[in-house]
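Visitor: quick one, fold the following:
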Amino acid sequence: MSNQLSVKNRRELTECERAKIIALSEDGQSVRKISKKLGYPKSTVQDTISRYKTKGGTNSAPRCGRPSLLDENAKNYLREIVENKPRITANEIQKDFAESDLQISTKTIRTHLHDLGLYSRFAARKPLLTVSQLQNRLNWCIERRDWSIKEWNEIIWSDESRFCLFSDGPQRVWRENGKRFNLENLVPTVKHGGGGVMVWGCFCGTGLGPLVLVEGKLNRFGYIQILETTYCHAKIKLIMGFRLAVT
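Guide: Presented below is the predicted three-dimensional model:
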């Protein structure tokens with residue numbers, strides 16, 4: 001971090017230190033020489049001298065609240081950290097800044113993240129997809145982007161889901177509003193065992209279909225059997241005659 005971020009010393013000068021600057025200035029020394037001799041930034045030296053000449057004193061102007069511990073470079077680096085590692089914790093960020101000798105509390109870190117529009121949210125859970133699967137889904141959407149409501153109403157959406165007794169807990173990520181489903185903010189999910197029940201269901205634009213209990217694993221033969229028993233024997237009008245879209 002030390003190569004990417006330079007943290008400035010935010011300590012204010014004491015009255016004695018300001019007096020030294022004024023004394024050297026009255027002695028005819030330039031801002032550059034005073035800065036080099038005392039080790040203060042030239043901007044600090046110039047501000048102190050200007051304040052003395054215009055106001056006849058060296059007291060700082062009243063401040064509104066406590067000065068920020070992070071300058072603009074530090075804030076930009078903070079944003080870079082959470083954008084590259086959205087699952088990083090405030091404690092881990094604190095350790096990162098500590099490597100550059102900047103001691104900052106986790107509360108202050110959260111405050112600055114909020115100022116940047118970044119909030120800790122539970123990561124959205126979505127199926128783990130390959131690059132080709134992502135591309136296929138995108139192509140499917142593009143091909144149907146101009147469909148009418150009538151065409152969409154003729155589609156039956158079906159899926160099966162297993163409800164397990166055990167599952168991984170939620171995770172938090174730092175993100176901006178509107179970016180919940182960005183890939184870096186997702187927690188990939190896979191269907192797994194652990195005990196539970198599997199069901200199949202469907203719906204379309206005119207209503208809901210049945211919820212079918214699935215025994216064992218669902219393969220193509222079991223899927224066809226569900227369609228035959230559900231569609232024919234239950235005589236669900238909202239399904240009959242429509243095309244079937246499997247997601």
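
Visitor: skipping adjacent residues, who's closest to the most centrally placed residue in the chain in space?
Guide: Note on the chain: the residue nearest the mean C-alpha position is Arg175, at 1.8 Å, using Cα atoms, centre = their mean. Setting aside the residues directly before and after it, Arg175 is nearest to Asn185 in space (Cβ to Cβ, 6 or more residues apart in numbering), at 4.9 Å. Backbone N, C-alpha and C define where each C-beta goes, glycine included.

Visitor: let me know whether the one you found touches Glu176 as I believe.
Guide: No. Look at Asn185 against Glu176 with Cβ atoms under 8 Å: they stay out of range, at 9.5 Å.

Visitor: quick one, phi/psi of the residue nearest to the centre of the chain?
Guide: phi -150, psi 160 (degrees, to the nearest 10).

Visitor: how about the helices in this protein?
Guide: Using DSSP state H, the helices of the chain run over 15-26, 31-38, 42-55, 72-84, 90-98, 106-115, 131-143, 149-153, 220-228.

Visitor: of those helices, which shows the lowest average pLDDT?
Guide: Between the helices of the chain, the one with the least mean pLDDT is helix 220-228; it has a mean of 80.

Visitor: picking that back up, who has more neighbours out of Asn185 and Glu176?
Guide: Taking neighbours as other Cβ atoms under 10 Å, Asn185 and Glu176 compare with Asn185 leading, 19 against 16.

Visitor: for the more buried one, give me its contacts.
Guide: Counting by Cβ atoms under 8 Å, 6 or more residues apart in numbering, Asn185 touches Pro86, Arg121, Ala123, Ala124, Val173, Arg175, Lys179.

Visitor: if we use 10 Å, what do you get?
Guide: For Asn185, the contacting residues are Pro86, Arg87, Arg121, Phe122, Ala123, Ala124, Gln171, Val173, Trp174, Arg175, Glu176, Lys179, by Cβ atoms under 10 Å, 6 or more residues apart in numbering.

Visitor: I'd say the last one and Ala123 touch.
Guide: So the one you mean is Lys179. No. Under the criterion of Cβ atoms under 10 Å, Lys179 is not in contact with Ala123, lying 11.3 Å apart.

Visitor: any idea how far Gln135 is from Asp146?
Guide: 20 Å (Cβ to Cβ, to the nearest Å).

Visitor: restrict stretch 91-100 to CA atoms and write it as CSV.
Guide: Coordinates of each C-alpha in stretch 91-100 appear next as CSV, following Å, rounded to 0.1, in the frame of the first residue of the first chain:
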residue,chain,number,x,y,z
ASN,A,91,-11.0,-4.9,10.1
GLU,A,92,-9.0,-6.0,7.1
ILE,A,93,-9.1,-2.5,5.6
GLN,A,94,-8.0,-1.2,9.0
LYS,A,95,-4.9,-3.5,8.9
ASP,A,96,-4.2,-2.4,5.3
PHE,A,97,-4.1,1.3,6.3
ALA,A,98,-2.0,0.5,9.4
GLU,A,99,0.8,-0.8,7.1
SER,A,100,1.2,2.9,6.1
